[in-house]
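Trainee: got a predicted structure plus its sequence, pasted below:
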Protein chains: 2
Amino acid sequence: MVTISPTVERWGVHEIELAGPADGNPFAEVRLSARYQYRNRIVEAEGFYDGDGVYRVRFMPDAVGPWHFTTVSNVPELDGHSGDIEVSPASEGNHGPVRASGKDASGKDASGKDFEYADGTPYLPFGTTCYHWTHDMDEERERRTLDTLAASPFNKLRMCVLPTGAMSPPEVPFAGQDPDGLDKTRFNPVFFRHLEARIQDLLDLGIEADVILFHPYDGGVRGVEDMGRETDHAYLRYVIARLSAYRNVWWSAANEYDFNRSKTVADWDDILRAIARLDPYGHLLSIHNGTRMYEMAWIYDNTKPWITHQSIQHWDATLTDTWLRECPKPVVIDEISYEGNVGKRWGNVTGEELMDRFWEGMTRGGYVGHGESLAGFQERAWIGNGGALFGESPPRIAFLRRIMEERRDGTVVRYLGRRQQAHVTVDLPADGGYAVELIDTWNMTVTPVDGVHRDRVRVGLPRRPYLALRLTRV
Amino acid sequence: MVTISPTVERWGVHEIELAGPADGNPFAEVRLSARYQYRNRIVEAEGFYDGDGVYRVRFMPDAVGPWHFTTVSNVPELDGHSGDIEVSPASEGNHGPVRASGKDASGKDASGKDFEYADGTPYLPFGTTCYHWTHDMDEERERRTLDTLAASPFNKLRMCVLPTGAMSPPEVPFAGQDPDGLDKTRFNPVFFRHLEARIQDLLDLGIEADVILFHPYDGGVRGVEDMGRETDHAYLRYVIARLSAYRNVWWSAANEYDFNRSKTVADWDDILRAIARLDPYGHLLSIHNGTRMYEMAWIYDNTKPWITHQSIQHWDATLTDTWLRECPKPVVIDEISYEGNVGKRWGNVTGEELMDRFWEGMTRGGYVGHGESLAGFQERAWIGNGGALFGESPPRIAFLRRIMEERRDGTVVRYLGRRQQAHVTVDLPADGGYAVELIDTWNMTVTPVDGVHRDRVRVGLPRRPYLALRLTRV
């Protein structure tokens, strides 16, 4: 045992550092965990080899007060270390990990269609995507990405652990010569330390890291789409041991899982069960579909018990009603087409189109994710590599986020859609008088309609699409 | 025999006027027709009672030269009248009735997905809709409607014979006291003379009259949705006897037939067969669906032999591919939602949305219809009562019509859709060099792309949706 901090805040990262054997293959041969005890409850956190004879166990405590830990290992020098730590209350801004809640964002009981932090604070995901923003280890661009995120409405980021086959990054997750001489039974601590630092950067910004464990973009270069069950599981075990103590981590088992032609749905079930078993904290866990089975029911069966929320690729946000009806778990349409101008089907909708889909999805009780694939503005687009944003949607997503977060019990937001109508008649809830405001979602204005209304209100509308109404009980 | 013109032009209206009995119920009791003979071919045209002891037979000759006619009647004074007429060549602008063609608009063989006039001139329907523009007999508004049409791109008009239950028009198709004392075994010549005059007005403007024989908007007021088979057929016989000699008439058996809850599909089959049998000229014949069976296959089975083209209500123009694949008859999406601002699902899309659907449908080989339901501009909207147009789509439909009519063999128009992309790569036909033009369908511009291109061309695009490419073999 080298250094152990005796204190940590609730939902912070407690780390045990130990010296141990460096010979053989420590990744495969050494088992290490720590049993953290709080009163009559024990949580076992898996450790990992960090290279150069250094072993670590990371742990996220979820209760304030005294904890005791003891290490367990098949190597005597790592086994039986113990100690006491004091977990202090969470500092300001630390609300713990996000989970699916049984309440909606306004506090009403709902069938698990929303999210909240562990301390009960509502969390409304406004996600974006930079799949490979960490792989180049380009410090300047990573800093620019973080600055962009800090100034943006986004509080969740989808990002991949594995590079694509087309990339030649300075470090990859596996040991050995990239790409042909990789040893997938060993991992690359330099790669992971960098990845963790970026996840910590996101945590510091209050941004959830939706970590994508597999993707189908290898093109056979590193063989990571078809490593075999044992190697897949060793990879999952290592990643989860390293990252799961970061409270802002979500697990996305795969991006576009159905485009991986060497894995079956049963294989994915097995992977998802393994993640759920290996993660001692029950981080959010989902799997994201592609469109291989276009026009069929290609979305993973999200009613399976290990799935915490529905991570969906689909262009039609109005299907949110169906998804919520058929599966009582939050809907996150992570990919609904990106604001962009590339030739691919997934990346060339206008800002108007994207915002229309955001409003359709979010006023139906779902959540919609952002991405930007605008070519011609920087060397690579945001969706792949981060950097800066050039689209028209981010300020409008910020506006939408404000409207959504301002909702209280007694607030109803009704989106009127891409169609235009001269008037709309709305039946109001029978529980009182309502103030009515007209929202122009594109121009980001909120205009009060005079008076307090009961039973029914008829509102004159300008000749424009993309309007909404906010009804507030007074 | 009172007066008979000895000459008529090809596809003009030849009329025989006869005096006969005015007692009893001439509509039901008197049968009259005329057998028109040209060489070894006889066409029998049904006559009709026009009130006040006057009977008429109208006939549209389809061949130039000498014709001979003889009347046939169960009333001696109407029977056996005969005469000779000389049919002259069609005057300029008279191309005869429209029919489904076996060629596409550029002259290539196609599986009956296009239309042409009887003289072989291509006809591309650019339809609009004024369901009840004739019912009020408001001469000033009818004149305004005709002036609007004359200045518009529209060359087809959907219009109803029957008023709606909500209307109290000065004249209705049936005799007796409207609405409660109607005698549906008798017709109202005043109503029909007015209707015919408007159809003639449309003919003079080169506009096809898509005459809707039944609709489901009676609300039980006149009982015209459920008159019984005998009365339905007498009504059809009378309307067809009066109108079928006008070369610009098309028969639309019903609007939104599926909303009529007292008729089955078998009833509609019977009505359609009756129309096909009663009409000696084989005018275009279709039936237009509503959306009662929303999300199911609610469109009439247009493969049935009496149907000449597919008259469709649907919002998704991209289904044109499917409809053409499943049924080798022209597709006319008469109702794709109207440019408007009313509260109804069918009437509040923006100009952009409507134009996007027009381009999607028409570049897939279908035809799309226009309607305008903009409230707040005149007392009633164009879609119901005509008058003036206030929307943004008509000039853009004129632009689209020009692009479509300019196509020749060797022209390809590719619509790029509502999405935006920085570049598009197009594989060119292998038959030669191609000139490429970029079309902005909304801003109505055509911009040449430099050079003559072979095999493949990559075209840079502005950051806008609603673009198209025109490829012309040079």
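Mentor: Nice, I can see it. Numbering: from 1, shown residues only, chains lettered A, B, ... in the order given.
Trainee: and the closest residue to residue A:45 other than its chain neighbours, how many neighbours does it have?
Mentor: The shortest distance from residue A:45 to any residue other than its chain neighbours is 4.2 Å, reached at residue A:59 (Cβ to Cβ, 6 or more residues apart in numbering or on different chains). All C-beta atoms are positioned from the backbone trio N, CA, C, and that covers glycine. By the criterion of other Cβ atoms under 10 Å in any protein chain shown, residue A:59 has 27 neighbours.
Trainee: just residue A:435 next, same as before
Mentor: Residue A:435 sits with 16 neighbouring residues when counted by other Cβ under 10 Å.
Trainee: what sits against it?
Mentor: Listed by Cβ atoms under 8 Å, 6 or more residues apart in numbering or on different chains, the contact partners of residue A:435 are A:448-449, A:452-453, A:471-472, A:474.
Trainee: which one of those residues sits closest to residue A:207?
Mentor: residue A:472 (29.8 Å; Cβ to Cβ).
Trainee: quickly list what the closest one is bridged to.
Mentor: residue A:411, residue A:435 (DSSP bridges).
Trainee: so it sits right up against residue A:407, yeah?
Mentor: No: the pair residue A:472 and residue A:407 fails to qualify as a contact (Cβ atoms under 8 Å) at a distance of 9.0 Å.
Trainee: sorry, back to before: top of the contacts of residue A:435 by neighbour count?
Mentor: Each of the contacts of residue A:435 was scored by neighbour count (other Cβ under 10 Å); the top score is that of residue A:471, with 20 neighbours.
Trainee: let me know the helix or strand that residue A:194 is in.
Mentor: When secondary structure is defined by DSSP states H and E, residue A:194 falls within helix A:189-204.
Trainee: and that helix, what other elements does it pack with?
Mentor: Helices and strands touching helix A:189-204, as assessed by 3 or more Cβ pairs under 8 Å, 6 or more residues apart in numbering or on different chains; DSSP states H and E, comprise helix A:139-150, strand A:208-214, helix A:229-243.
Trainee: what do you get if the cut-off is 10 Å, keeping everything else the same?
Mentor: Contact analysis of helix A:189-204 by 3 or more Cβ pairs under 10 Å, 6 or more residues apart in numbering or on different chains; DSSP states H and E lists strand A:41-49, strand A:54-59, helix A:139-150, strand A:156-160, strand A:174-177, strand A:208-214, helix A:229-243, strand A:249-254 as its packing neighbours.
Trainee: for the helix or strand just after the fifth one, which strands pair with it and how are they oriented?
Mentor: In other words, strand A:174-177. Of the helices and strands lying after strand A:174-177 in sequence (DSSP H and E), the nearest is strand A:181-187. Each strand that strand A:181-187 pairs with, and the sense of that pairing, follows from DSSP bridges: strand A:174-177 (antiparallel).
Trainee: residues of the strand it pairs with that come out buried?
Mentor: Judged by neighbour count using 16 or more other Cβ atoms under 10 Å in any protein chain shown, the buried positions of strand A:174-177 are A:174-175.
Trainee: correct me, but residue A:180 touches residue A:172?
Mentor: No: using Cβ atoms under 10 Å, residue A:180 and residue A:172 do not qualify as a contacting pair, with a distance of 11.8 Å.
Trainee: can you list residues touching both of the two?
Mentor: The overlap between the contact sets of residue A:180 and residue A:172 (Cβ atoms under 10 Å, 6 or more residues apart in numbering or on different chains) consists of residue A:222.
Trainee: do me a favour and get the end-to-end distance for stretch A:300-314?
Mentor: Chord length of stretch A:300-314, first to last residue, is 12 Å (Cα to Cα, to the nearest Å).
Trainee: that one - what's its average pLDDT?
Mentor: Stretch A:300-314 comes out with an average pLDDT of 94.
Trainee: per-residue confidence at the residue nearest to residue A:45?
Mentor: pLDDT recorded at residue A:59 is 97.
Trainee: average pLDDT across stretch A:189-209?
Mentor: Averaging pLDDT along stretch A:189-209 gives 98.
Trainee: if we can go back for a sec, chain center to the helix holding residue A:194, what's the gap?
Mentor: Taking Cα atoms, centre = their mean, to the nearest Å, one finds helix A:189-204 lying 15 Å from the centre of the chain it belongs to.
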